[in-house]
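Peer 1: After the sequence you'll find the predicted model.
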Amino acid sequence: MSDPLRLGIAGLGTVGAGVVKIVRQKANLLATRTGRPIEIVAVSARNRDKDRGVRLSDYDWVDDPVALAKRDDVDVLVELMGGSDGPAKAATEAALAAGKDVVTANKAMLAHHGQRLASLAEENDAVLRFEAAVAGGIPVIKALTEGLSGNEITRVMGVMNGTCNYILTRMESAGLSYREAFDEAHDLGYLEADPELDVGGIDAGHKLALLASIAYGTQVAFSGVTMEGIGKVSIDDIRQAADMGYKIKLLGVARMTGRGLEQRMTPCLVPQTSPLGQLEGGTNMVVIEGDMVGQITLRGPGAGEGPTASAVMGDVMDIARGLRIPTFGKPASALIEAQPAKMVTPAPYYLRMRLLDKPGALAKIATALGEAGISINRMRQYDHSSDTAPVLIVTHKTTRDALDRAIGAMSTTGVLSSDPVALRIEQV
Ligand code: HSE
């Protein structure tokens, strides 16, 4: 058997503790599968005294994660601290600069600094892997960089924030308002310390930008992701969508268009009979379409100790086996700068609004749509007892630009009593 692969773990939260458990409890399995013992030599975290339910006394404790990253007896830095900058980035850079491999679960760091870190890895003959950063336990990075690498990828889609999917599912199944479902998710500890990362679509947007880079061979372009959160989705939208045979999901879509790379993370309607439509609770799903393979669907837990630690260990074991794949599937210097194309692919849209209930109001809305070149497919004004009328319109395929023009025109008519909610209907 070869020399041990020696790990330094920075960050001992839920995932870090999970990785320690796997290394301790499955030592034989890891060694026989990779041909090398995998050992932890040192760990680092903010609070040394906290009980994490795992035995840490066998490992050196290092207060400074950068010092941990530079240790001569550390072959691989396992970075599980999180945060796009600060100690996580400093330790990752220190490890790569010293020619050490890095395994991280840090989507924010890679979304913001992925290109620079991938280049640094290559300059120093190191590898930087991040399976755990995207869709938790689902091996989607491996699927894209390895199993599907003979395909031109035509579209990548995913529900990659379990907290948002939980909130939307609870609104639907229990009839909760957005606020009630949000509070429930909060009480269950599902929300990030900054909830906007979840419900604003930012966490899922980070993940989409990483998948798009691999799928299209482009530099990570998080600033090119159009993001809309789920806060504008109401129980009315969920009910109306269900009535028409749709579910509402926070759906990420990346595709290369004739006008550039389109990346969006927005609430969308998807058919309730589709795999995405049937995805319940905190589970994640990634759908990949390739020219040779067609469509494949990967479904599984997107967070939690076991699933995320499982993904981290998959990367560690690849390194132990000697597998050295570039961070984003091809050399960092060969990744091209993506031209951002904002929401250019046409789609039908769902529009919900309240109108003053007076003669000609609906005609003004229809005119605004018609003048923007948008054709109405379905329309409904449902029962009401107040002096404003709830109206639902489903358009034929149109662009987001045309829709925004129409909404702008509607707002000058004086007949809207609230801002329209516009949700894309994604063909999946
Ligand atoms: N907060 C994320 C989610 C997990 O709810 O899916 C970490 O990315």
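Peer 2: Sure thing, it's come through. These numbers were taken from a predicted model, which means no experiment stands behind them.
Peer 1: low-scoring stretches of the protein, by residue?
Peer 2: Counting by pLDDT under 70, the chain contains no low-confidence range.
Peer 1: Show me how it divides into domains.
Peer 2: The chain breaks down by automatic domain parsing into domains covering 5-133, 140-301, 349-425.
Peer 1: what about the helices in the stretch 101-250 of the chain?
Peer 2: With DSSP state H, counting those that start in this stretch as the criterion, the stretch 101-250 of the chain has helices at 107-123, 140-142, 162-174, 178-187, 196-199, 202-216, 235-243.
Peer 1: my guess is Ala108 contacts His206, does it?
Peer 2: Yes. Using Cβ atoms under 8 Å, Ala108 is in contact with His206, at 5.5 Å. C-beta: built from backbone N, CA, C; applies to glycine.
Peer 1: picking up where we left off before, which one of the helices of the stretch 101-250 of the chain is the most hemmed in?
Peer 2: helix 202-216 (a mean of 27; mean count of other Cβ atoms under 10 Å).
Peer 1: check whether it contacts the ligand.
Peer 2: Yes. Interface with the ligand: helix 202-216 contributes Asp203 (Cβ under 6 Å from any ligand atom).
Peer 1: ok, the residue nearest to Ala332 when sequence neighbours are not counted - contacts?
Peer 2: Leaving aside its sequence neighbours, Ala332 sits nearest to Ala118 (Cβ to Cβ, 6 or more residues apart in numbering; 3.9 Å). Taking Cβ atoms under 8 Å, 6 or more residues apart in numbering, we find Ala118 in contact with Leu128, Pro326, Thr327, Phe328, Ala332, Leu335.
Peer 1: same question, Asp183
Peer 2: No contacts exist for Asp183 under Cβ under 8 Å, 6+ apart.
Peer 1: ok, now Thr297?
Peer 2: Contacts of Thr297 by Cβ under 8 Å, 6+ apart are Pro275, Met285, Val286, Val287.
Peer 1: let's see it at 10 Å
Peer 2: For Thr297, the contact set (Cβ atoms under 10 Å, 6 or more residues apart in numbering) comprises Met157, Gly158, Ser274, Pro275, Leu276, Leu279, Met285, Val286, Val287, Ile288, Val428.
Peer 1: swap in Leu335?
Peer 2: Shown in contact with Leu335 (Cβ under 10 Å, 6+ apart): 114-115, 118-119, 213-214, 216-220, 326-329.
Peer 1: which among those gets closest to Arg352?
Peer 2: Using Cβ to Cβ, the shortest approach to Arg352 within the contacts of Leu335 belongs to Tyr216, at 33.6 Å.
Peer 1: burial of the closest residue to the closest one other than its chain neighbours, as a residue count?
Peer 2: Spatially, and ignoring its direct neighbours in sequence, Tyr216 is nearest to Met256 (5.0 Å; Cβ to Cβ, 6+ apart). Residues contacting Met256 under the criterion other Cβ atoms under 10 Å number 20.
Peer 1: Kindly calculate the angle that whatever helix or strand Met256 lives in makes with helix 235-243.
Peer 2: Per DSSP states H and E, Met256 falls inside strand 246-257. Put simply, strand 246-257 runs at 80 degrees to helix 235-243, going by axes from the mean of the first three to the mean of the last three Cα atoms, to 10 degrees.
Peer 1: by how many degrees do the following helix or strand past strand 246-257 and helix 202-216 diverge?
Peer 2: Once strand 246-257 ends, the next helix or strand along the chain (criterion: DSSP H and E) is strand 260-271. For strand 260-271 against helix 202-216, the angle by the same axes, to 10 degrees is 120 degrees.
Peer 1: Packing partners of strand 260-271?
Peer 2: strand 153-159, helix 162-174, helix 202-216, strand 225-227, helix 235-243, strand 246-257, strand 349-356, strand 421-425 (3 or more Cβ pairs under 10 Å, 6 or more residues apart in numbering; DSSP states H and E).
Peer 1: of all the residues in the stretch 201-350 of the chain, which ones are close to the ligand?
Peer 2: Residues of the stretch 201-350 of the chain lying close to the ligand by Cβ under 6 Å from any ligand atom are Asp203, Gly302, Ala303.
Peer 1: Redo the residues you listed as a markdown table? Include distance to Tyr349.
Peer 2: As requested, these are exported to a markdown table (distance: Cβ to Cβ, whole Å):
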| residue | distance to Tyr349 |
| --- | --- |
| Asp203 | 25 |
| Gly302 | 27 |
| Ala303 | 31 |
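Peer 1: Find the centremost residue of this protein, please.
Peer 2: Ala204 (2.6 Å; Cα atoms, centre = their mean).
Peer 1: Spatially, which residue comes closest to the residue in the stretch 251-400 of the chain positioned nearest to the ligand, not counting chain neighbours?
Peer 2: Closest residue of the stretch 251-400 of the chain to the ligand, Cβ to the nearest ligand atom: Ala303 (3.9 Å). Leaving out its chain neighbours, the residue that sits closest to Ala303 by Cβ to Cβ, 6+ apart is Gly136, at 4.9 Å.
Peer 1: Where does the residue sitting furthest away from the middle of the chain fall, secondary structure wise?
Peer 2: Distance from the centre of the chain peaks at Pro359, with 45.5 Å (Cα atoms, centre = their mean). Pro359 belongs to no helix or strand when assigned by DSSP H and E.
Peer 1: distance of it from Gly414?
Peer 2: 13 Å (Cβ to Cβ, to the nearest Å).
Peer 1: what do you get for Pro301?
Peer 2: 50 Å.
Peer 1: just to revisit the earlier point, let me see the contact set for the residue nearest to Tyr216.
Peer 2: The contact partners of Met256, by Cβ under 10 Å, 6+ apart, come to 152-155, 212, 215-218, 262, 338-339, 341.
Peer 1: hmm, back to that, overlap in contacts, Ala108 and His206.
Peer 2: Common neighbours of Ala108 and His206 (Cβ under 10 Å, 6+ apart) are Ser84, Ala133, Leu197, Phe222.
Peer 1: Report how many residues lie close to the first one.
Peer 2: Same thing as Ser84. 16.
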